[in-house]
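Pasting the sequence and the predicted coordinates here, then a few questions.
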Amino acid sequence: MPIKSQLAAYGIELRNTIDAALYRLAQLNRLASEWLAVSEAWKLAPHDEGPSMAPWGPLQAETFAQIDGFLAAFFRVSLLVFPERDTGFTELRGREIRAITDVPDDSVFNDREFRDSWLHHD
């Protein structure tokens with residue numbers, strides 16, 4: 001594949017992955033508003049009835065799923081920009097993406113500690 005075509009493909013892959021992360025971030029912002037509304041309703045509920053925490057279960061599950069999705073997309077960007085293997089295709093792709101985007105070596109995308117602790121919590 002000619003270099004110009006490769007760069008276009010890298011750009012599309014990077015853009016799509018960033019779009020996925022931004023979508024998840026927007027969902028987390030929406031969920032933050034929902035958490036605030038549920039919390040406020042819970043605080044205002046009559047205490048003699050014992051306010052229901054039923055709405056919290058699905059909200060908690062969706063929040064975790066969106067956090068997990070956001071981090072997966074974020075980590076995918078990280079691996080596109082700073083691949084773990086320094087050989088072959090992934091190394092070339094990472095080098096080209098960093099050159100095009102001016103991502104510095106000390107970027108948060110190059111920090112594996114958080115990624116590893118989230119993905120390998122076992």
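Right, received. Where do you want to start? These numbers were taken from a predicted model, which means no experiment stands behind them.

Now do the strands in this structure.
In the chain, no strands are defined using DSSP state E.

Pull up the gap between the residue nearest the centre of the chain and residue 109, please.
Of all residues in the chain, the one closest to the mean position by CA atoms, centre = their mean is residue 70, 2.4 Å from it. Distance of residue 70 to residue 109, given as CB to CB, to the nearest Å: 14 Å. C-beta coordinates here come from the backbone N, C-alpha and C atoms, glycine included.

Over to residue 61?
Residue 61 is 28 Å from residue 109, by CB to CB.

out of these two, which sits in the more crowded spot?
Comparing residue 61 with residue 109 by other CB atoms under 10 Å, the one with more neighbours is residue 109, at 21 against 10.

List the residues that contact the nearest residue to the more buried one once chain neighbours are set aside.
Leaving aside its sequence neighbours, residue 109 sits nearest to residue 78 (CB to CB, 6 or more residues apart in numbering; 4.4 Å). By CB atoms under 8 Å, 6 or more residues apart in numbering, the contact list for residue 78 reads 109-112, 115.

Go through the residues you listed and say which is closest to residue 11.
Of all the contacts of residue 78, residue 109 has the smallest distance to residue 11: 15.9 Å, by CB to CB.

these two touch, right, the closest one and residue 75?
No: counting by CB atoms under 8 Å, residue 109 sits too far from residue 75 to count as a contact (9.0 Å).
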